[in-house]
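J.: below are the sequence and a predicted model; questions follow.
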Amino acid sequence: MPLLIKNCRLLANGKVFAKNILVKNGKISRITNKELKADKIIDAKNNFVLPGMIDCHVHFREPGLTHKEDFLTGSMAAAKGGITTVLDMPNTIPPTTTISALEEKRRLAKKSVVNYGFHFGATADNLSDIKKAKSIAAVKLYMDYTTGDLKVDDFEVISDIFKASKITVVHAEEERVKDITEILIRNKIKNKIHIAHVSSEKELKYAKQNKIKKQITLEVAPQHLFLNDKDLQSLGAFAEMKPRLKSENDQKALWKGVANGDIDVIATDHAPHLKEEKEQANYPFGVPGVETMLPLLLDAFNNNKISLAQIIDLCCANPAKIFKIRNKGILKEGYDADLTIVDLDKRQAVRNEDLLTKCKWSPFEGKILKGWPVMTIVNGNVVYDNGEVFDIKAKEVSYS
Ligand code: NCD
Ligand code: ZN
């Protein structure tokens, strides 16, 4: 059943093109000026069509924490936010640190309406499982305390994990970033390291200071770009996350890193916790984000803080490259038909009651943003259309 999406505005090599996209069997079959025959036609109305966003850092909480989120609610929220692929984190219950837990998560994730992949958790003693884990995006290593109990302290163990995994995503704050560079150099490790949610000028400096730049890629979360520690006064626990919000100066340094290319990826770190949990004295850390990342970035585009080409690199092309996700991240004939149609002029407030995440709140509640996704297409299927989400199952990604 071929689908034709006509009147698309596309961005390629810094130029804007008006094209039609023909989708067949879930793939982009043609990008053309011709109005080819199709069973179904969608009019993009000259809106920009972006490659589907790839969010390489989400906590969809399944299994074990499904009162906060699950693969269906999380993925529906993601689809609404223009995200077509997510990579899920291992700090679930049980944690994704054994082959059987990975297989169980694989089974549970089948309810997802966006494509998905998994990060496999590292512990102090699961090196043999790490070596056995197949079809994973990366190994996730926690060098700091956060939700879950996966912190690894021993540098010898960390070095062995880096050696065993082609790519390790590390939760490393402040001095821990320096520790990573030293471990890599001292042990002559050549495997890749992706540092999750860089939050400060210091972390950026440590990551970029050494001579192993190409080996380390850096991710930043929208909350660290769009909020700073001043927001803690009004938001309290609802702006408490790991890493914590930093100063306005750090925030500026992160934007500079986005502008000069030091930052490789923007990913949500979607970490939903219920309102009731956040209202407790010992509240958990983390904020939801899949529904607000793209609108925040499009609003920033409208304010001349970031270009569309940068958004595509940071949220589509680069995550696909870094995690070697097959046939995704760019609009190209033969690639998967994961597409996000955005209306750059649509102005709308973030409203808690509109959110599909189970936690039903956002630190950006009330903020009026200009630029919203209006349609999300996953494997050639329309899963989000102007406020409505459709339960069409997606697929696990594959890696090259
Ligand atoms: C995350 C969570 O709640 O799972 N919390 C957070 O503050 N970011 C865990 C994490 O990514 O550190
Ligand atoms: Zn996280």
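T.: The structure has been received and is ready for your questions. Ligands and ions are numbered 1, 2, ... in the order given.
J.: remind me what the helix or strand of the chain with the lowest mean pLDDT packs against, helices and strands.
T.: Least confident helix or strand, the chain: helix 201-209 with a mean of 92, by mean pLDDT, DSSP states H and E. For helix 201-209, the packing partners by 3 or more CB pairs under 8 Å, 6 or more residues apart in numbering; DSSP states H and E come out as helix 175-186, strand 216-220, helix 248-260. In short, each C-beta sits where N, CA and C put it, glycine included.
J.: which one of these lies closest to residue 105?
T.: Proximity to residue 105 (CB to CB) singles out strand 216-220 among the helices and strands packed on helix 201-209, at 21.5 Å.
J.: so how far is whichever helix or strand comes after that closest one off the chain centroid?
T.: Next along the chain after strand 216-220, taking DSSP states H and E as the criterion, comes helix 222-226. Mean-position distance between helix 222-226 and its chain equals 13 Å (CA atoms, centre = their mean, to the nearest Å).
J.: kindly report the same for stretch 59-72.
T.: 16 Å.
J.: what distance separates the start and the end of it?
T.: Terminal residues of stretch 59-72 are spaced 12 Å apart (CA to CA, to the nearest Å).
J.: and the contacts of the least confident helix or strand of the chain?
T.: With contact meaning CB atoms under 8 Å, 6 or more residues apart in numbering, helix 201-209 is reached by 172-175, 177-178, 181, 195, 198, 216, 218, 249-250, 253-254, 257, 262.
J.: that helix to strand 216-220, inter-axis angle?
T.: Calculated by axes from the mean of the first three to the mean of the last three CA atoms, to 10 degrees, helix 201-209 forms an angle of 160 degrees with strand 216-220.
J.: centre of the chain to helix 201-209, how far?
T.: How far helix 201-209 lies from its chain's middle: 22 Å, per CA atoms, centre = their mean.
J.: start at 57, not 1
T.: In the new count, where the first residue is 57, that last one comes out as helix 257-265.
J.: follow-up on the earlier one: which one, of the helices and strands packed on helix 257-265, ends up nearest to residue 198?
T.: Distance to residue 198, taken as CB to CB, is lowest for helix 231-242 among the helices and strands packed on helix 257-265, at 9.8 Å.
J.: returning to what we had before: so which of the helices and strands packed on helix 257-265 is the most surrounded?
T.: Using mean count of other CB atoms under 10 Å, the stretch among these with the largest mean neighbour count is strand 272-276, at a mean of 22.
J.: list of residues touching that strand?
T.: If you take CB under 8 Å, 6+ apart as the criterion, strand 272-276 is touched by 112-113, 236-237, 240, 248-255, 260, 263, 310, 313-314, 318-323, 374, 378.
J.: having no further points to raise, I will conclude here.
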